[in-house]
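Q: how would this look folded up:
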Amino acid sequence: MSNSENRKKTKIDQVRLTPEEREELEIKAAAYGVSRAHLMRAGALDMRLTSVVDREGIESLDKAVADLGRLGGLFKHWLTGEMKSPAGHVPQIMQLLRDIEATQKEAKAAILKISGKRKKT
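A: Now for the predicted structure:
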């Protein structure tokens, strides 16, 4: 006999919902990437759920941090004297600085997405 989570859940409770309530549950469950039943269980039992947006935002931040590490490593390589003629590399240095700035903007956008704040235009 399997000890899977589904096999342990043997009791069924039914809940009457209006069509609007059911639709709202569908929307919220989709936002969290879970079933309606899981969403209802989590709400009733004070379980913490991580929304799909949170996961996507965290993945975006993780990528941005990795990019900043890579770009910082390149910059450090140049600043530690391993680059013999900085003047000849001004275009690459300027591109590196633009890449760092772009990655910072990506990280900020991911933070705003996670926090639920909209970017001000």
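Q: show me the helices in the chain, by range?
A: 5-8, 19-32, 36-44, 52-77, 90-115 (DSSP state H).
Q: and the angle for the third one with helix 19-32?
A: What it means is helix 36-44. 90 degrees (axes from the mean of the first three to the mean of the last three Cα atoms, to 10 degrees).
Q: helix or strand with the lowest mean pLDDT in the chain?
A: The weakest-scoring helix or strand in the chain, judged by mean pLDDT, DSSP states H and E, is helix 5-8 (a mean of 74).
Q: now the residue nearest the centre of the chain: how far from residue 111?
A: The centroid of the chain falls nearest to residue 57 when counting by Cα atoms, centre = their mean (2.0 Å). For residue 57, the distance to residue 111 (Cβ to Cβ, to the nearest Å) stands at 7 Å. To be clear about C-beta, it is placed using only N, CA and C from the backbone, and glycine gets the same treatment.
Q: one more: residue 104?
A: On the measure of Cβ to Cβ, residue 104 and residue 111 end up 11 Å apart.
Q: roughly how far apart are residue 64 and residue 109?
A: 9 Å.
Q: who has more neighbours, those two?
A: Using other Cβ atoms under 10 Å, the more surrounded residue of residue 64 and residue 109 is residue 64, with 20 against 15.
Q: what's around residue 40, how many residues?
A: Per other Cβ under 10 Å, the neighbour tally for residue 40 reads 17.
Q: now do the one 3 residues further on
A: Number of residues near residue 43 (other Cβ under 10 Å) recorded here: 12.
Q: repeat for the one 4 residues further on
A: As a burial measure, the neighbour count of residue 47 was computed by other Cβ under 10 Å and equals 10.
Q: got the domain boundaries for this protein?
A: What automatic domain parsing lists as the domains of the chain is 13-44, 52-115.
Q: now do the longest one: distance to the chain's middle.
A: Between the centre of domain 52-115 and the centre of its chain there are 18 Å (Cα atoms, centre = their mean, to the nearest Å).
Q: give me the below-cutoff pLDDT ranges for this protein.
A: Scanning the chain for pLDDT under 70 picks out 1-6, 50-54, 81-87, 115-121.
Q: which residues does the closest residue in space to residue 35 that isn't next to it in sequence contact?
A: Spatially, and ignoring its direct neighbours in sequence, residue 35 is nearest to residue 29 (6.1 Å; Cβ to Cβ, 6 or more residues apart in numbering). The contact partners of residue 29, by Cβ atoms under 8 Å, 6 or more residues apart in numbering, come to 35, 36, 38, 39.
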